[in-house]
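**Student:** below are the sequence and a predicted model; questions follow.
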Amino acid sequence: MKPDAILTSSTAASTPTVQDMLEREAKLVTSNRIFYLVVAIAILIFSGIQSDISLVELIQGGGNMAEYTSRYFPPDFTDWRSYLADTIETISMGIWGTLLAAIVSVPLAILASDNICPQWIVFPVRRFLDSLRAINEVVFALVFVVAVGLGPFAGVLALFVHTAGVLGKLFSEAIETIEQGPVEGIRATGASKMQEIIFGIIPQVLPLWTSFTLYRFESNVRSASVLGIVGAGGIGISLYQSFRSFKYPKVCAILIILIVSVGIIDTVSARLRKKLI
């Protein structure tokens, strides 16, 4: 038999087998997708039941919401100077809480990255970061108010601890996605592990780290605005007092000032990100 004939017959014999394998794989992928879709739908339904989600109740309560919201207008800016001073204090809390967290998150992120450190170091550090993220800032604020007393310092510490857990995780994930080429090139020159991190890893992740830090700063300003409820300083004290005394026009004025402040911060942060990244 000629070689061409042998090749043709061999190809013809193997083609159905390959096609069968591809069909089985396609069916398996389809069945897996259907299974995951069913599981996701089941989880959503279960979560909706547990959360008492009811669009009917929301629609029925729409009139009450409109009537309640109308009490906030017109806003009362009589004490706007006091509100502005408290807002500046809130922003200052966000700045320091974010700055301290960003500094501490760098070594924690390095220790939590499995492409740098062994698993026996990575695992406990990641669980430590999980514990910092799992506890809300308000809970930390209650603890620090007992430790350092009432005032914005307790709020700064609360933001710092919680944000360190968030940024530590984000920073470590950025490290784990780096290109290994620059690191291997630096290693080939006989550089130490610290030099690999400083010159091979940090330059790659610094833009992402900057973006994450700026975003968390915006988020921390919003979080700091409610820490005053537990006595941790900021505009939250005035907000809570106005709510408790049913002075809704004053609440509206405070919320407007907060919205404008966060909008300004977001605009400045976006421009900083464009320049730094």
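**Tutor:** Right, received. Where do you want to start? Numbering: from 1, shown residues only.

**Student:** report pLDDT for V143.
**Tutor:** At V143, the pLDDT value in this model is 90.

**Student:** tally of neighbours for it?
**Tutor:** Close neighbours of V143, defined as other C-beta atoms under 10 Å, add up to 15. Bear in mind the C-beta positions are built from the backbone N, C-alpha and C, glycine included.

**Student:** so which helix or strand takes in it?
**Tutor:** Take DSSP states H and E as the rule and V143 turns out to sit in helix 137-148.

**Student:** can you check C252 too?
**Tutor:** Secondary-structure assignment from DSSP H and E places C252 in helix 248-276.

**Student:** just checking, what packs against that helix?
**Tutor:** Secondary-structure packing of helix 248-276 (3 or more C-beta pairs under 8 Å, 6 or more residues apart in numbering; DSSP states H and E): helix 80-111, helix 202-227, helix 236-244.

**Student:** of those helices, which approaches T267 most closely?
**Tutor:** When these are compared by C-beta to C-beta, helix 202-227 sits nearest T267, at 10.4 Å.

**Student:** that closest one: which residues count as buried?
**Tutor:** 204-205, 208-221, 223-227 (16 or more other C-beta atoms under 10 Å).

**Student:** domains for this protein, by residue range?
**Tutor:** 3-53, 74-276 (automatic domain parsing).

**Student:** where among these is the average confidence lowest?
**Tutor:** domain 3-53 (a mean of 72).

**Student:** hang on, L111 packs against P118?
**Tutor:** No - in this structure, L111 is not within contact of P118 by C-beta atoms under 8 Å, at 10.1 Å.

**Student:** the two - which one has more neighbours?
**Tutor:** L111 (18 against 8).

**Student:** please name the nearest non-neighbouring residue to that one.
**Tutor:** V125 (4.4 Å; C-beta to C-beta, 6 or more residues apart in numbering).
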